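[1] below is the sequence, then the predicted model.
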Amino acid sequence: MGLSLQNYKPNCYIEDFYVPALNKHINSTATTAANFIFFDLKLQNVMEENGVLYDTINLTFSYGLNPSLPIGKYTLPGAYQGHKKTAHRRDIMPTHGVNWDDAFAAVLNGSKVVFRVDLAGKVKFKRFFSYSRTKALVVGADVEVDGSGNKVRRKAIKMKSGGRGKPKLQLEAGGSLISSF
C-alpha cells in the first residue's frame, strides 16, 4: 500500500430534490403556495490519506433555462471532512420569483421542469499536520422534476464543473440564431 500525495476535489451530488409546489398528487390549491425546496446535498471525500477543510459553501438555485435568475441562495458554514468520509446536508430552502402556477401547469400536462443547482466554495486539503493552498470548488447540475415534485433520476446527480455546455454549432438565419446540439 503506497502513500498518495495527489489531491482530489470532493465529489458533490444532489441525492434528493423535492418541490412540493409541483406535486400534482396533492389535491390542494395550497401546493402552489408552498414556495420552498427540500434538498439533500452529498459531499464525498474520496481521498484515503487527506482530509478536506471546506470554507463557506454557497448554493444557488435557479429555475428554467436561465441560471442568471436565481430563485434562492443557501449558505453552508465551513467544516472539516475526514479521510474517505461522506457528509449530507439536508435542508429546506425558501424560493422567490418563481411562477409556480406556470410550472405546475407544465408538470400537469406530463412535461418536466428543470432546476439548476450551482455550488461555489473553497477547499484546503489536510495532509499530516499542514494544509494545502486554497482551491476553488465550483460545480453545478441540472435537476429535472416531474409531476410528483421529485427529481426524475432515481440515482444521485453528480455535480460537475463547467456550465451547461455550449452549442456545437450556431448558425444565423434571417436575424434569428439557430443552435444545434
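    Okay, I see it.
[2] Three-state assignment for I14, please.
    At I14 the chain is in strand, as set by DSSP: H, G, I helix; E, B strand; the rest coil.
[3] bridged to it, which residues?
    I14 forms beta bridges with L41, I157, as assigned by DSSP bridges.
[4] now do Q81: how many residues are near it, please.
    Residues contacting Q81 under the criterion other CB atoms under 10 Å number 19. For the C-beta atoms, the positions are set from N, CA and C on the backbone; glycine is no exception.
[5] what's the answer for L22, then?
    L22 has 26 nearby residues by other CB under 10 Å.
[6] which residue comes closest to it once chain neighbours are left out?
    Computed as CB to CB, 6 or more residues apart in numbering, the closest residue to L22 that is not its neighbour in sequence is G149, at 4.5 Å.
[7] now swap in G140 and tell me
    Of all residues not flanking G140 in the chain, D118 sits nearest, at 3.9 Å (CB to CB, 6+ apart).
[8] check the gap between that neighbour and Y80 for me.
    When distance is defined by CB to CB, to the nearest Å, D118 is 23 Å away from Y80.
[9] who's more crowded, those two?
    For D118 versus Y80, neighbours defined as other CB under 10 Å are more numerous around D118 (18 against 13).
[10] span of stretch 36-55 from start to end?
    This stretch, stretch 36-55, spans 25 Å end to end (CA to CA, to the nearest Å).
[11] my bad, should have said stretch 21-39
    14 Å.
[12] ok, now stretch 134-154?
    34 Å.
[13] again with stretch 14-23
    OK, stretch 14-23 end separation, CA to CA: 19 Å.
[14] how distant is that stretch from the center of its chain?
    Remark: stretch 14-23 is offset 12 Å from the chain centroid, using CA atoms, centre = their mean, to the nearest Å.
[15] can you list contacts of it?
    With CB atoms under 8 Å, 6 or more residues apart in numbering as the test, stretch 14-23 has contacts from 26, 31-42, 88, 90, 98, 100, 103-104, 107, 113, 115, 117, 141, 143, 145-151, 156-157, 159.
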